[in-house]
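Participant: structure, please.
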Amino acid sequence: MSVLKSIREKEGYTQTDLATKTGLSLRTIQRLENTNKIPKGYTLNALAEEFHMEPSALQAQYLHTKRSRDSEISTIKMINLSAFSFLGIPFGNLILPIIIWRNNRDSQFVDEVGRRIVNFQILFTLILSLLLILMPFTVSKLFPGIPLVLITALMAYLFNIVVIIRTAVKIQHQDFDFLNVSFRLI
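Facilitator: Numbering: from 1, shown residues only. Sure thing, here's the model as predicted:
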C-alpha cells in the first residue's frame, strides 16, 4: 500500500480533503499514492506539516517501504530463478522454489506471486511426468526407432527454460501479471 494513502486513511482524510488542507492539487495526491514516490520540496513539507511530522520522518517511511518492496522483488526473483535447478537436480524446479517460497510467505505479495510460480512448476512437472510415463506405451508403437521420449523431455525442458526467462524479464520490469494459470494446486 502507498505510504501516503496509509497515513491519509489513518488520519481520516479523503484525497480531496488532503488536497484542500495542504494546498496541493488532487492530481498530485493521486499521483503520489499511485506511484509511491517520495515527495520532494514544497510537496514534502506541505504533507509533513499536515500530518504533524518532520519531513525527514516522512521520507524515512517512504525509504523503509521502498527497501521492503525491493526485498520482496528480490525474493520473487530467487523463487523464479531457483526453478532452473531442474537442469541439475531431479525435481529441483519444485524443491528449491517451494523452500524459498514457504520461508518468505509472511509477505502477502511474495506469497501470492511465489504461489503462482510454484503452481506453474508443479503443473509443468505433473504434465511432463504423465507424458513421459504414457509415451512408451502409446506413441513408440507408431514411430519405432525414434527416441520420442528424449525429444519430448528436451522440448519440455526448453519450454520451461523459456517460461523462467520470460518470467524473470517481467519481474525485472516490475510487471507481476504472469503465470495466471486458471488451474491451481496450491
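Participant: give me every residue that touches the residue most central in space within the chain.
Facilitator: With distances taken as Cα atoms, centre = their mean, the residue of the chain nearest its centroid is residue 113 (4.1 Å). The contact partners of residue 113, taken as Cβ atoms under 8 Å, 6 or more residues apart in numbering, are 76, 79, 176. For the C-beta atoms, the positions are set from N, CA and C on the backbone; glycine is no exception.
Participant: helix or strand next in line after the host helix or strand of it, which one?
Facilitator: If you go by DSSP states H and E, residue 113 is part of helix 108-142. Note on helix 108-142: by DSSP H and E, the next helix or strand toward the C-terminus is helix 148-172.
Participant: check which helices and strands that next one sits against.
Facilitator: Judged by 3 or more Cβ pairs under 8 Å, 6 or more residues apart in numbering; DSSP states H and E, helix 148-172 is in contact with helix 55-82, helix 108-142.
Participant: pLDDT score assigned to residue 60?
Facilitator: Note for residue 60: predicted pLDDT of 89.
Participant: how about low-confidence regions in this protein?
Facilitator: 1, 139-141 (pLDDT under 70).
Participant: so how far is residue 61 from residue 67?
Facilitator: 11 Å (Cβ to Cβ, to the nearest Å).
Participant: who has more neighbours, these two?
Facilitator: residue 61 (16 against 10; other Cβ atoms under 10 Å).
Participant: quick one: that one and residue 3 touch, right?
Facilitator: Yes - using Cβ atoms under 8 Å, residue 61 is in contact with residue 3, at 5.1 Å.
Participant: which residue ranges make up the domains of this protein?
Facilitator: Domains of the chain are assigned by automatic domain parsing as 3-53, 70-172.
Participant: next, the distance between the ends of the last one.
Facilitator: End-to-end distance of domain 70-172: 11 Å, with Cα to Cα, to the nearest Å as the criterion.
Participant: what do you get for the shortest one?
Facilitator: With Cα to Cα as the measure, the first residue of domain 3-53 is 14 Å from its last.
Participant: what are the buried residues along the helix holding residue 113?
Facilitator: Buried residues in helix 108-142, counted by 16 or more other Cβ atoms under 10 Å: 110, 113-122, 124-125, 128, 131.
Participant: tell me which of the contacts of residue 113 is nearest to residue 137?
Facilitator: Proximity of these to residue 137 (Cβ to Cβ) peaks at residue 79, which lies at 35.4 Å.
Participant: state the distance from the closest one to residue 166.
Facilitator: 15 Å.
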